[in-house]
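Trainee: sequence first, predicted model second:
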Amino acid sequence: MRQIPAKCGYCGYLFPSGYGIDPGVTGAEFSMNGWENAPVSTPCPMCGRRRGRVLAGEFEFVKDTVKFLSGPESTVRDLERLAAFLEDLQGTDATTDEIQERAESAGLSNLVKPLLANRPARMELATWLALLVATVTLWVTLKSAGSTDEPEPSQAIYNYGDQYNITVQAPMPTDGNAVVKAGRNDPCRCGSGKKFKKCHGDPTREVPDP
């Protein structure tokens, strides 16, 4: 089963939500919209709090993006050019109109315009851009390695999380069946070398909205 990532509303950590799909049963057209605000019973592996939100909208967007880019009009060279184009946009304050203008100049309007049109209404432009960079870059990496597989939406979202230095592979310490919360003076499990209270346990730490 492919599990949809969740994001902790307290520390921003990304982890499996417990919700997922079996492609062999549901098919590729299965919608995630009903899970957008679903409660996550699994505590955050980083801080131990139960404030997770299912990233269903992000998962649906990446899944639709992969489906669109897998069409015959998208060659490996197109994906490489698209990845470079999107990476150049990061860190800029480009508006939707400016992105469309730049895409036309770069000869990528046929790819960028539909992707802009598919951006969820509540998704910030910076988040849209970061998710696309993670998705397209992952695909280029797979193609360069000779793989015929398409990017997994969950992996693309985890890669997107890594752009904000959010580690997604930290182990989940347990005591029997209970998750052990990190002590404030313990080393943060993200591997930053900082104490938990100065890193993911800092209540003033800014966490980017997905």
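Mentor: Good, I have the coordinates.
Trainee: helices and strands around the strand or helix carrying Tyr160, which ones?
Mentor: In this structure, Tyr160 sits in helix 153-162 according to DSSP states H and E. For helix 153-162, the contact count by 3 or more C-beta pairs under 8 Å, 6 or more residues apart in numbering; DSSP states H and E identifies strand 2-8, strand 14-21, helix 56-69, helix 125-144 as packing neighbours. Bear in mind the C-beta positions are built from the backbone N, C-alpha and C, glycine included.
Trainee: wait, doesn't Gln100 sit right on Val112?
Mentor: Yes - look at Gln100 against Val112 with C-beta atoms under 8 Å: they come within range, at 6.8 Å.
Trainee: which one of those two is surrounded by more residues?
Mentor: Neighbours were tallied for Gln100 and for Val112 using other C-beta atoms under 10 Å; the higher tally belongs to Val112 (20 against 15).
Trainee: Leu89 versus the residue nearest to that one when sequence neighbours are not counted, what's the distance?
Mentor: Excluding its sequence neighbours, the residue lying closest to Val112 (C-beta to C-beta, 6 or more residues apart in numbering) is Ala103, at 3.7 Å. Look at Ala103 and Leu89: by C-beta to C-beta, to the nearest Å, they are 10 Å apart.
Trainee: so which of the helices and strands packed on helix 153-162 is the most surrounded?
Mentor: Here the criterion is mean neighbour count by mean count of other C-beta atoms under 10 Å, and of the helices and strands packed on helix 153-162 the winner is strand 2-8, at a mean of 22.
Trainee: list of residues touching it?
Mentor: Counting contacts by C-beta atoms under 8 Å, 6 or more residues apart in numbering, the residues outside strand 2-8 that touch it are 13-23, 32, 35, 40, 42, 44, 46-47, 49, 51-56, 58-59, 152-154, 157-158, 161, 168, 210.
Trainee: again, 6 Å this time
Mentor: 14-17, 19-21, 40, 44, 51-55, 59, 154, 157, 210 (C-beta atoms under 6 Å, 6 or more residues apart in numbering).
Trainee: how far off centre is the helix holding Tyr160?
Mentor: Average the C-alpha atoms of helix 153-162, do the same for its chain, and the two points are 4 Å apart (C-alpha atoms, centre = their mean, to the nearest Å).
Trainee: CA atoms of it as CSV?
Mentor: The C-alpha atoms that make up helix 153-162 are tabulated as CSV, following Å, rounded to 0.1, in the frame of the first residue of the first chain:
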residue,chain,number,x,y,z
PRO,A,153,4.1,10.9,-5.4
SER,A,154,5.0,10.2,-1.7
GLN,A,155,8.7,10.2,-2.5
ALA,A,156,8.4,13.5,-4.4
ILE,A,157,6.7,15.0,-1.4
TYR,A,158,9.4,13.7,1.0
ASN,A,159,12.0,15.2,-1.4
TYR,A,160,10.1,18.5,-1.3
GLY,A,161,10.3,18.4,2.5
ASP,A,162,14.1,17.9,2.4
